[in-house]
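Participant: What would the 3D arrangement of this be:
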Amino acid sequence: MKRTESGYKPAPNFLDEELHSIPDLARPEFPLWELHEMSPLLDSSNMTLKEWNEIGRVIYENYEKYCGFVVLHGTDTMAYTASALSFILRGLNKPVVLTGSQIPLSEIRSDGRDNLITSVLIASEGIANEVCLYFSGKLLRGNRAIKMSADGLVAFKSPNYPLLAEVGITVKYNKSALLRHKEGTKLEYLPFSNVPIGVLKVFPGIQFGLFEDIMTEKLSGIVLETFGSGNIPSGGDELLPIIKKAFASGSVVAVCSQCPVGTVTLGTYETSSSLKSAGAVSGKDMTTEAAVAKLYHLFSLELSKKEIKRLMEKNIAGELS
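Facilitator: Residues are numbered from 1 along each chain as shown. This is a model prediction of the structure:
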């Protein structure tokens, strides 16, 4: 990001200039690195599945050339991209570390220098061989991370999964938390198709009938953000025929919680029973970001509705417990 009269905006070749002005990146003991700049450059709020696919493709096509990869990304949608890449790059056995900064790299107090330097070191070590997110001394599983702060330097957390590593004087890996890989597994590139996915957040007094025209064949997948462990307002009985109709039209409804910590257990309370009986599936302790990416992934594989429902409740890439 470069400062302009209209605010910070991405500028071609500006990052390359900034990186070459950081002495530590040129030290002989620092890993050798090369920069690949995407085009066009985007503010991360403008990210789409097209960009997710493109980042995945670049990594896939250059996979054998490098020990690891660092993806420099804006913080607003970093957790979405990290979740998406965990499904797009199946069989990954090298580190892919997403990082960025709350204060642009060109500014004096930028947190980007440490995040960048540490991310490159982690990527070069080949220990956390999965899609990760590094920020402010914490290495998180990418599809377990959420953005927690718009202005704090500790911007990301992993509420339902332990840290992959904590960085102080040394990098202390939590090896029991890292993904395990089968020997001989080859990397697959599984890009997302442009299927329609929606997110609906439940709130007190919501009138589900207003959303009936949306929750049909117009949406392949729906992430329903509910209260607590999967609860909806008691007046939500009108939601049952809507979900049944949506499922009959080919939609899959995945239920996630608005609470950062905890898991969805449909049927535990009476207010969540209608969702279960209507055919909604539990997102368990998945983040909304991971649930959205997973729906894109499963629909892109052209699986049956029954199989998509089954796999939404099954761990594929470390996204749920």
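Participant: what mean pLDDT does stretch 253-261 have?
Facilitator: When pLDDT is averaged over stretch 253-261, the result is 93.
Participant: do stretch 16-26 as well
Facilitator: 92.
Participant: With stretch 42-52 instead?
Facilitator: Rounded mean pLDDT across stretch 42-52 is 94.
Participant: Check the offset of that stretch from the chain's centre.
Facilitator: Computed by Cα atoms, centre = their mean, to the nearest Å, the chain-centroid distance of stretch 42-52 equals 12 Å.
Participant: The residue nearest the centre of the chain in helix, strand or coil?
Facilitator: Against the mean C-alpha coordinate of the chain, by Cα atoms, centre = their mean, the closest residue is residue 83 at 2.5 Å. Look at residue 83: counting by DSSP: H, G, I helix; E, B strand; the rest coil, its state is helix.
Participant: do the same with the one 10 residues further on
Facilitator: In the three-state summary, residue 93 is assigned as coil, counting by three-state DSSP.
Participant: Wait, it touches residue 181, no?
Facilitator: Yes. Counting by Cβ atoms under 8 Å, residue 181 is a contact partner of residue 93 at 5.0 Å. No exception for glycine: its C-beta is placed from N, CA and C like everyone else's.
Participant: what residues do these two have in common as contacts?
Facilitator: Common contact partners of residue 93 and residue 181 (Cβ atoms under 8 Å, 6 or more residues apart in numbering): residue 129.
Participant: Could you check how far residue 108 is from residue 141?
Facilitator: Residue 108 sits 32 Å away from residue 141, going by Cβ to Cβ, to the nearest Å.
Participant: Show me where this structure has its strands.
Facilitator: 69-72, 89-90, 96-99, 131-135, 138-141, 146-147, 156-157, 165-167, 171-173, 188-189, 197-201, 221-226, 252-257, 281-282 (DSSP state E).
Participant: Partner strands of the fourth one and their direction?
Facilitator: Next to strand 131-135 in the sheet, as set by DSSP bridges, lie strand 96-99 (parallel), strand 138-141 (antiparallel).
Participant: Could you say which of those is packed most deeply?
Facilitator: Most buried of those, by mean neighbour count (mean count of other Cβ atoms under 10 Å): strand 96-99, with a mean of 26.
Participant: how much distance is there from that one to the middle of the chain?
Facilitator: Using Cα atoms, centre = their mean, the offset of strand 96-99 from its chain centre is 11 Å.
Participant: Now render the strands paired with strand 131-135 as a markdown table, adding mean pLDDT.
Facilitator: As requested, these are exported to a markdown table (pLDDT from 0 to 100):
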| stretch | mean pLDDT |
| --- | --- |
| strand 96-99 | 98 |
| strand 138-141 | 98 |
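Participant: just for the stretch 101-250 of the chain, where's the confidence low?
Facilitator: 234-237 (pLDDT under 70).
Participant: now the strands paired with strand 131-135 as JSON lines including distance to residue 301?
Facilitator: Converted to JSON lines, those look like this (distance: least, Cβ to Cβ, whole Å):
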{"stretch": "strand 96-99", "distance to residue 301": "21"}
{"stretch": "strand 138-141", "distance to residue 301": "22"}
